[in-house]
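> For reference, the sequence and a predicted model appear below.
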Amino acid sequence: MIDLNKLISNSENILERLESRGEVIPLDDIKQLDSERKDLIQKSDQLRSFRNSENKRIGVSKEKPSLEHINKMREISDKLNNINSKLDDIESELNRLMLVIPNVPLEEVLNGNDETDNKVIFTKEDVKNIKTTIPHWDIAPKLGILDMEQGVKLAGSRWYVLKGKGAILQRSLVAWMLEKHNQNGYLEIAPPFLVKEEVMVGSGNLPKFSELLYKDIEEDLWLIPTSEVALNSLYFGDIIKEELPLKFVSHSQCFRREKAAAGRETRGIKRVHQFEKVELFRFELPESSRNAFDEMVNEIQLLCDELGLIYRSVELCTGDLGFQSAKTIDIEVWAQGSEDWLEVSSISTCTDFQSRRTRTRYKNAGEIIFPHTLNGSALAIPRILIAILENNLQDDGSILVPKVLQKYTGFEKID
RNA sequence: GGACGGAUGGCUGAGUGGUUUAAGGCGGCGGUCUUGAAAACCGUUGUGCGUUAUGCGUACCGGGGGUUCGAAUCCCUCUCCGUCCGCCA
């Protein structure tokens, strides 16, 4: 949620910056609702003030109020109820409009319409001559570590089953990543994978993107598409008492409906309905959040380095930013078999957009502020598996396990 | 899932219709005293909204709704917590 007063006064060029995302803001409606809202609040407060003082007088005097007086006061209460229910309507309408406005991009974010305007800002091209170009959907089933058919049998298209050394490799990646981040000062969190609606609203996934999410209708709970959603609401409605920054790491299953059609982009396990991911999340002081963002990008790039992957960093333009993001850098790894760059991480600063939605606050030198929230995948597991399988394929058909993972897997190659 | 009991400010805890826009205590902050500290004493104390803004008004006693001139207090409902029973990894 962006700051209503800033939007109305268009301070810091908020309107222009929102429009640079290709967003149309119903500013006139919002202004109108806000002024009606203020008007009603004043009327309501005045009536209440009068009612309070009258009732206090009755209480003190200990005399029975006259029928005439009672009728007069009843009239005032009716009027008050009327105003308050009108106020409720206006506030919920205003809220409805505000909740679907995306975050304001940072000034520094490059302008653009869509992903073709994104900019590659760093490439780690540590290419050892990879001769083979066999995609993972051919390699992995042959090695008996991935079964797409059984996934379909169990749950349908775009569900899969990892087996044996494939499953162990996944588990090892998760364990290695968690341990790395623990060492970097992130507190490990194991959150619920289903959350309340207000938690989804808090992260920005609702009300706008419900079609991308799974929901348990019976209990009115939503399955998280990333643990960012859960971590963001750890202090829902609270004033954080711990000192900032707060740094969290979490491993979760991620559930996404992914309604896009099947095709080259979705072959194998590139885009699936359930996947594992390790996620970084931070609550930061506004003045520190920009540095924190760069820190997180570095931490995440380092993971790719250590896994021996070819990767690049892509700065997203305004038109391609996610709803809640003010700035995003994607990390993509090269997958030789698919001959494609795969997005394995997306690092975003959401400034105070999410903390406003969850009403997470922090008292900084006596002043109550909305902390900035930042998140980044570190990393999304299936696409890392793809890169390892396709890039580390040996002439004899076996897969070399990256050195850093071997102490977790207990084996050096998959054959 | 069933029965009973709860939910009040940072914490504790009073308050069963009207000087309660919440007593007292603890903690926090400021001060007096002191060489310093402790103790004692004095003062202060949350969040949101509105505003003609060193102030004023208003809302908030788990959430929502109702009764009433007036609700922390009465009624309905939901949620959560506790205890016991049942079930279960």
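Good, I have the coordinates.

> Tally up the residues packed near the residue of chain A found nearest RNA strand B, please.
Nearest residue of chain A to RNA strand B (Cβ to the nearest atom of the strand) works out as residue A:59 at 2.4 Å. (C-beta placed from N, C-alpha, C; glycine too.) Residues near residue A:59, counting by other Cβ atoms under 10 Å, number 9.

> Pretty sure residue A:197 sits against residue A:206.
Yes. Between residue A:197 and residue A:206 there is a contact at 6.3 Å, judged by Cβ atoms under 8 Å.

> rewinding a little: quick check: next helix or strand after the one helix or strand the residue of chain A closest to RNA strand B maps to?
Using DSSP states H and E, the element containing residue A:59 is helix A:27-61. Counting by DSSP H and E, the element after helix A:27-61 in chain order, helix or strand, is helix A:67-99.

> what's the neighbour count on the closest residue to residue A:55 other than its chain neighbours?
Excluding the flanking residues, the one nearest residue A:55 by Cβ to Cβ, 6 or more residues apart in numbering is residue A:73, at 7.6 Å. Neighbourhood size, residue A:73 [other Cβ under 10 Å]: 16.

> Who are the contact partners of residue A:73?
A:51, A:54-55, A:65 (Cβ atoms under 8 Å, 6 or more residues apart in numbering).

> Which among these count as buried?
Buried members of the contacts of residue A:73, counted by 16 or more other Cβ atoms under 10 Å: residue A:65.

> farthest pair in the contacts of residue A:73?
A:51 and A:65 (12.7 Å; Cβ to Cβ).

> pretty sure residue A:252 is in contact with residue A:229, am I right?
No. Using Cβ under 8 Å, residue A:252 is not in contact with residue A:229; the gap is 9.2 Å.

> Which of these two has more residues huddled nearby?
It is residue A:229, of residue A:252 and residue A:229, that has more neighbours when counted by other Cβ under 10 Å, with 28 against 24.

> Looks like the more buried one contacts residue A:199 (just checking).
Yes. With contacts counted by Cβ under 8 Å, residue A:229 reaches residue A:199, the gap being 6.3 Å.

> Mutual contacts of residue A:197 and residue A:206, please.
What both residue A:197 and residue A:206 touch, as defined by Cβ under 8 Å, 6+ apart, is the set residue A:222.

> And these two? Which one has more around it.
Between residue A:197 and residue A:206, counted using other Cβ under 10 Å, the more crowded position is residue A:206 (21 against 15).

> Now do the same contact list for the residue nearest to residue A:31 when sequence neighbours are not counted.
Nearest in space to residue A:31, with sequence neighbours left out and distances taken as Cβ to Cβ, 6+ apart, is residue A:8 at 5.8 Å. Listed by Cβ under 8 Å, 6+ apart, the contact partners of residue A:8 are A:27, A:30-31, A:34.

> Pull out the buried residues from the residues you listed.
A:30, A:34.

> In JSON lines: the contacts of residue A:8, plus pLDDT.
Shown next, in JSON lines, are the contacts of residue A:8 (pLDDT from 0 to 100):
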{"residue": "A:27", "pLDDT": "94"}
{"residue": "A:30", "pLDDT": "96"}
{"residue": "A:31", "pLDDT": "95"}
{"residue": "A:34", "pLDDT": "95"}
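
> Return the member of the contacts of residue A:8 nearest to residue A:97.
residue A:30 (5.8 Å).

> Can you tell me the closest non-neighbouring residue to residue A:308?
residue A:402 (5.4 Å).

> Tell me which residues of the helix or strand where the residue nearest to residue A:31 lies come out buried.
Using DSSP H and E, residue A:8 falls within helix A:4-9. In terms of neighbour count (16+ other Cβ under 10 Å), helix A:4-9 has its buried residues at A:4, A:7.

> helix, strand or coil for residue A:123?
Classification of residue A:123 by DSSP: H, G, I helix; E, B strand; the rest coil places it in strand.

> distance of the closest residue to residue A:403 other than its chain neighbours from residue A:392?
Nearest non-adjacent residue to residue A:403, counting by Cβ to Cβ, 6+ apart: residue A:308, 7.6 Å away. Applying Cβ to Cβ, to the nearest Å, the value for residue A:308 to residue A:392 is 8 Å.

> Would you mind telling me which of these two has the busier surroundings?
residue A:392 (22 against 16).

> Contact partners for the more buried one?
A:399-402.

> Dump those into a markdown table; add neighbour count, secondary structure and pLDDT as well.
A markdown table is the format used below for the contacts of residue A:392 (neighbours: other Cβ atoms under 10 Å; DSSP: H, G, I helix; E, B strand; the rest coil; pLDDT from 0 to 100):
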| residue | neighbour count | secondary structure | pLDDT |
| --- | --- | --- | --- |
| A:399 | 24 | strand | 95 |
| A:400 | 16 | strand | 96 |
| A:401 | 21 | coil | 97 |
| A:402 | 21 | coil | 97 |
